[in-house]
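> here is the input, now give the coordinates:
(2 chains)
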Amino acid sequence: MAARVITVTSGKGGVGKTTMVANLGVALAVRGQRVVVIDADVGLRNLDVMLGLENRIVYDLVDVIEGRCRLRQALVHDKRLSELFLLPAAQTRDKSAVQPDDMVRVCQGLREEHDFVLIDSPAGIEQGFRYAVAPADEILIVTNPEVSAVRDADRVIGLIEAEEQGPGRLILNRVDTERVRRGEMLDIPDVVGLLAIDLIGIVPEDKDILVAANQGQPLAFSGDSSGACRAFHNIARRLLGEDVPFLPLQEPGVLERLFRFVRSGGD
Amino acid sequence: MMRVLERLLGHRDRYSSGEVAKERLRLVLAHDRADISPKLLATLKDEIVAVISRHVAIDADSVQVNISQSARETRLVADIPLSTKRGRHKS
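Predicted structure coming up:
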């Protein structure tokens, strides 16, 4: 069976692409999928530290492309799971070391023995973005409910459509329910409506994400049935074709709670 | 008073910053997608007015040229009222 190659991109930096790839990789591997996550951010690698694998890197993506090692030698096995591998980015090179064709070839070499190849795209819309989306069968666009992030996401969607790789699916990350409720943040239907592409995930703001990053232990490992962890697992399930309803993020307001309380007879 | 109360109770304000963000985003996206700056839009409007005025009398001050957006489709919409002066015989 051939792997699905999925690129996670965003345009804007800092919206949570790397965290997303690490967690989706874990959530898919937990479900028995054979997963490779590729850090395509050559020169600014970070997926290794997110996964806590930074001390185990021997070869990297550019070594593979330039023939210094075989593809399999560069894969770092995440020992917490039987089938999760990282293909790290080179840290001392820059994005000009990779061409779109190189990425297509690398992914071709991974398709046979894996179920999913997840590519963590660099921010921006230049070379790094170009080679990261080149091999993609599917594209996930991560954005935050902020004007700048949504604007950049729209630009990326436009570029992907122009390359006939679109439209991709949207992940709305770092949604602060409380601020949405107070009207201090773009609402989910607003963002989805403006970008006009399918939604595959809504991830709430979660302070445990930072703790997880500190420890190199993605939140998806925690099995937590709430917050961001649950959202990551739900996205993984949707990728696997399950029909998972979106989490009810909208907490009831004070009045609504009061009405419910009154209606329920005050128990 | 009602608004203060609503705000205290956490109800959404109509003019909240979230709404402002939405409106600003809507405009920015329309311009980005069409690759038409507000300046270019003004130029287009002036030239459209000039061309049409050569053939028909129009109410140049009320002409509106805008970018409209539905789903991922963008279009340029010109609203050009014809001048009504001629038909009315007003002195």
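> switch to C-alpha atoms for all contacts and neighbour counts from now on
Noted.
> return the per-residue confidence for B:Ser70.
On pLDDT, B:Ser70 comes in at 74.
> same question, A:Asn173
pLDDT, A:Asn173: 97.
> list the buried residues for the strand or helix carrying it?
According to DSSP states H and E, A:Asn173 maps onto strand A:169-175. Neighbour counts using 16 or more other C-alpha atoms under 10 Å in any protein chain shown place A:169-175 of strand A:169-175 among the buried residues.
> could you list the buried residues of the longest helix along chain A?
Secondary structure of chain A read by DSSP state H shows that its longest helix is helix A:147-162. For helix A:147-162, a neighbour-count test (16+ other C-alpha under 10 Å) marks A:147-160 as buried.
> nearest to A:Ala132, of the residues you listed?
Using C-alpha to C-alpha, A:Ile160 is the member of the buried residues of helix A:147-162 that lies nearest A:Ala132, at 11.5 Å.
> right, and the closest one touches A:Gly166 too?
Yes. Assessed by C-alpha atoms under 8 Å, A:Ile160 is found in contact with A:Gly166 at 5.1 Å.
> residues of chain A that sit close to chain B?
Residues of chain A found near chain B (C-alpha under 8 Å from any C-alpha of the partner chain) are A:146-147, A:150-151, A:154-155, A:158, A:180-187, A:190, A:193-196, A:253-255.
> among those residues, name the buried ones.
Applying 16+ other C-alpha under 10 Å to the residues of chain A next to chain B, the neighbour count classes A:146-147, A:150-151, A:154-155, A:158, A:180-187, A:190, A:194-196, A:253 as buried.
> in the sheet, who's paired with the residue nearest to the spatial centre of chain B?
Closest residue to the average C-alpha location of chain B: B:Asn66 at 4.9 Å, with C-alpha atoms, centre = their mean. Taking DSSP bridges as the rule, B:Asn66 bridges to B:Val77.
> which pLDDT value goes with it?
Predicted confidence (pLDDT) for B:Asn66: 86.
> does it touch B:Ile80 like I think?
No. The criterion here is C-alpha under 8 Å, and B:Asn66 misses it with B:Ile80 at 11.4 Å.
> so B:Ala34 versus A:Asp63, what's the distance?
Plainly put, B:Ala34 is 42 Å away from A:Asp63 if you go by C-alpha to C-alpha, to the nearest Å.
> name the nearest residue to the residue minimising distance to the centre of chain A, sequence neighbours excluded.
Residue closest to the average C-alpha location in chain A (C-alpha atoms, centre = their mean): A:Met20, at 3.0 Å. Leaving aside its sequence neighbours, A:Met20 sits nearest to A:Phe232 (C-alpha to C-alpha, 6 or more residues apart in numbering or on different chains; 7.6 Å).
> and the contacts of the helix or strand encompassing that neighbour?
A:Phe232 is located in helix A:227-239, with elements delineated by DSSP H and E. The contact list for helix A:227-239, computed with C-alpha atoms under 8 Å, 6 or more residues apart in numbering or on different chains, reads A:20, A:23-24, A:27-28, A:200-206, A:209, A:219-220, A:222-224, A:243-244, A:247.
> same question for stretch A:206-218.
A:19, A:22-23, A:26, A:49-53, A:174, A:219, A:227-228.
> ok, the residue in chain B positioned nearest to chain A to A:Asp198 distance?
Closest to chain A within chain B is B:Gly18: 4.5 Å, counting by C-alpha to the nearest C-alpha. B:Gly18 is 22 Å from A:Asp198, where distance means C-alpha to C-alpha.
> higher neighbour count, those two?
Neighbour tally, B:Gly18 and A:Asp198, criterion other C-alpha atoms under 10 Å in any protein chain shown: the higher count belongs to B:Gly18, 25 against 14.
> hmm, A:Glu184 and the more buried one touching each other?
Yes. B:Gly18 sits in contact with A:Glu184 when judged by C-alpha under 8 Å, with a separation of 4.7 Å.
> who are the packing partners of the biggest helix by length in chain B?
Scanning chain B for the helix with the most residues, using DSSP H, yields helix B:17-34. For helix B:17-34, the packing partners by 3 or more C-alpha pairs under 8 Å, 6 or more residues apart in numbering or on different chains; DSSP states H and E come out as helix A:147-162, strand B:64-70, strand B:73-79.
> quick check: buried residues in that helix?
B:18-22, B:25-26, B:29-31, B:33.
> what do you get for stretch A:29-39?
For stretch A:29-39, burial by neighbour count (16+ other C-alpha under 10 Å) applies to A:29-30, A:33-39.
> got it, and stretch A:210-229?
A:212-213, A:216-221, A:227-229.
> low-confidence ranges in chain A?
When residues are selected by pLDDT under 70, those of chain A lie in A:1, A:248-267.
> could I get the full set of strands for it?
Secondary structure of chain A (DSSP state E): strands at A:4-9, A:35-39, A:76-77, A:84-87, A:116-120, A:138-143, A:169-175, A:198-204.
> send me the first one as PDB with only the CA atoms.
Included here for strand A:4-9 are C-alpha records, laid out as PDB according to Å, rounded to 0.1, in the frame of the first residue of the first chain:
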ATOM      1  CA  ARG A   4      -0.300   9.400   1.700                       C
ATOM      2  CA  VAL A   5       2.000  12.400   1.600                       C
ATOM      3  CA  ILE A   6       0.500  15.300   3.600                       C
ATOM      4  CA  THR A   7       2.200  18.700   3.800                       C
ATOM      5  CA  VAL A   8       1.400  21.000   6.700                       C
ATOM      6  CA  THR A   9       1.900  24.600   5.800                       C
END
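> thanks a lot, catch you later.
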